[in-house]
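Visitor: Sequence below, structure please.
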Amino acid sequence: MRPLSLLIIMLSIVAFFAGCGGGGATEKTATLVVSSHSANPSDVFGGFDLTVTLPSGSSLKTDSGGVPLASVVYLSGALAGSTLSSSGITYDAVQRVLTISFPSANSYSLGEFLTVKCDVPTSYTPNVSQVNITSTFYAPGIAGGGALPSITTSATFN
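Guide: Numbering: from 1, shown residues only. Now for the predicted structure:
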């Protein structure tokens with residue numbers, strides 16, 4: 001009887017560990033990098049308002065209040081070291097719309113300025129044409145200064 005009990009215990013242990021993991025991930029992270037551009041490469045900006053509509057099936061990790069985590073949406077490139085105020089960020093998870101307002105009296109050069117880490121299904125191949133971005137950049141010197149229509153945005157998935 002003892003060998004049978006030992007066999008049952010060993011098979012139970014094997015079955016337990018076989019059930020661990022193995023399910024595979026259902027999501028991965030797609031990193032969206034947003035950059036500013038102008039026909040005049042010496043242009044600078046002070047702040048911006050930005051709306052990003054994410055691709056279908058994507059989402060952002062948020063806190064309990066629905067605000068994207070600072071590790072998910074953050075300033076980068078020319079604005080690295082600056083921080084976004086949680087009061088300047090909204091995210092509509094149903095519509096997948098991220099809205100950011102970054103008022104600043106500082107002056108920033110053109111180029112990469114924002115990183116957004118989206119959760120997407122593992123089967124999703126990032127396609128920037130499925131991202132819609134509208135933006136307004138403001139003149140430096142006075143927070144919320146005059147709009148600079150010559151500055152536009154582009155995005156890439158890394």
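Visitor: so who does Val34 touch?
Guide: Counting by Cβ atoms under 8 Å, 6 or more residues apart in numbering, Val34 touches Leu50, Val52, Glu112, Phe113, Leu114, Thr115, Val116, Ile133, Thr153, Ser154, Ala155. The C-beta positions use only the backbone N, C-alpha and C, and glycine is treated the same way.
Visitor: Helix or strand for the residue nearest to the spatial centre of the chain, just tell me which one.
Guide: The centroid of the chain falls nearest to Val116 when counting by Cα atoms, centre = their mean (1.9 Å). Per DSSP states H and E, Val116 falls inside strand 111-121.
Visitor: tell me the mean pLDDT over that strand?
Guide: Strand 111-121 shows a mean pLDDT of 94.
Visitor: related to what we said a few turns ago, not including adjacent chain positions, what is the nearest residue to the residue nearest to the centre of the chain?
Guide: Spatial nearest neighbour of Val116, chain neighbours left out: Leu32 (4.3 Å); criterion: Cβ to Cβ, 6 or more residues apart in numbering.
Visitor: Any idea what the one you found is bridged to?
Guide: Bridge pairing for Leu32 (DSSP bridges) gives the partners Val116, Phe157.
Visitor: What separation do you get for it and Ala80?
Guide: For Leu32, the distance to Ala80 equals 16 Å [Cβ to Cβ, to the nearest Å].
Visitor: Between those two, which is the more surrounded one?
Guide: The neighbour count for Leu32 versus Ala80, taken as other Cβ atoms under 10 Å, is higher for Leu32 (23 against 11).
Visitor: count of neighbours near Ala27?
Guide: Rather than Ala, residue 27 is Glu. When neighbours are counted by other Cβ under 10 Å, Glu27 registers 14.
Visitor: Let me see the contact set for the closest residue to Pro126 other than its chain neighbours.
Guide: Spatial nearest neighbour of Pro126, excluding adjacent residues (Cβ to Cβ, 6+ apart): Phe157 at 3.5 Å. For Phe157, the contacting residues are Ala30, Thr31, Leu32, Val33, Pro126, Asn127, Val128, by Cβ under 8 Å, 6+ apart.
Visitor: Thanks again, I'm all set now.
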